[in-house]
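K.L.:
Build me a structure from this.
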Amino acid sequence: MRRLLNSVAILDLDGDGMIIDPSARDQEARRRVLDKLAGREVAEDSNEWKGLFYATSAFYDKDLLPLDKLQPGAIQAIERIRSLYMDLYIVTSRPDFLAGPTLAWLRDHDVHLAEDEIRFKLYQQGEDRREQFVSTPAWKSTIAHEASWIYRNVLLVDNEEKNRRAVAALRRPNITIKDSLRDYVFDDGPIFA
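P.N.:
Next up is the predicted model:
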């Protein structure tokens, strides 16, 4: 098996087939939102619901991170991808104020990443705080687009179809898009499009 020179793998952090399963945290955040709504019916795609759900008192509560679970095979997949690609980055729409607790959680679960290998969306820090107002598909497709000009081969692994569609719309021939890390857990063959 040969390592691709001038290549990068860009992985999502959360979701089915990714590194972290946040479903228990999601359930607790939903319970908290429903408690705040006190029986009022509010659509989950409404700004009111999203504002309550993605608050530091719900889904983005750092004290709820211990509810997250490591996905089976995630460590093996990361190791395999590291052996195939020159560089590896995790790109997550988790806000930057969860960086410290997230990195600690990853270390506690034997997922070893350098601080510069994981990119959080800027909410409270940095010069461009506007990232919090950019949709995740637009944000991730911008990152993939920039990577496609720097690297000859780009792998994007993201479980969200809307993110994959946004990257596919770039029509960059050097970007390979996958929907999970599962292909990288057990198979020993090369995985290139």
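
K.L.:
Please give me every residue in contact with the residue located most distally from the centre of the chain.
P.N.:
Going by Cα atoms, centre = their mean, the residue of the chain most distant from its centre is residue 39, 32.1 Å out. Under the criterion of Cβ atoms under 8 Å, 6 or more residues apart in numbering, residue 39 has no contact partners. Just so you know, the C-beta spots here come from the backbone N, C-alpha and C atoms, and that holds for glycine as well.

K.L.:
What are the phi and psi values at it?
P.N.:
phi 90, psi -10 (degrees, to the nearest 10).

K.L.:
and the helix or strand hosting residue 8, which strands flank it?
P.N.:
Using DSSP states H and E, residue 8 sits in strand 4-11. Applying DSSP bridges, strand 4-11 is found paired with strand 85-95 (parallel), strand 153-157 (parallel).

K.L.:
Check the average confidence over that strand, would you?
P.N.:
The average of the pLDDT scores along strand 4-11 is 86.

K.L.:
For the helix or strand just after that strand, enumerate the helices and strands it packs against.
P.N.:
Moving toward the C-terminus from strand 4-11, the next helix or strand (DSSP H and E) is strand 20-21. Counting by 3 or more Cβ pairs under 8 Å, 6 or more residues apart in numbering; DSSP states H and E, the packing neighbours recorded for strand 20-21 are strand 69-70.

K.L.:
Each with direction, which strands does the strand it packs on pair with?
P.N.:
In its sheet, and by DSSP bridges, strand 69-70 pairs with strand 20-21 (antiparallel).
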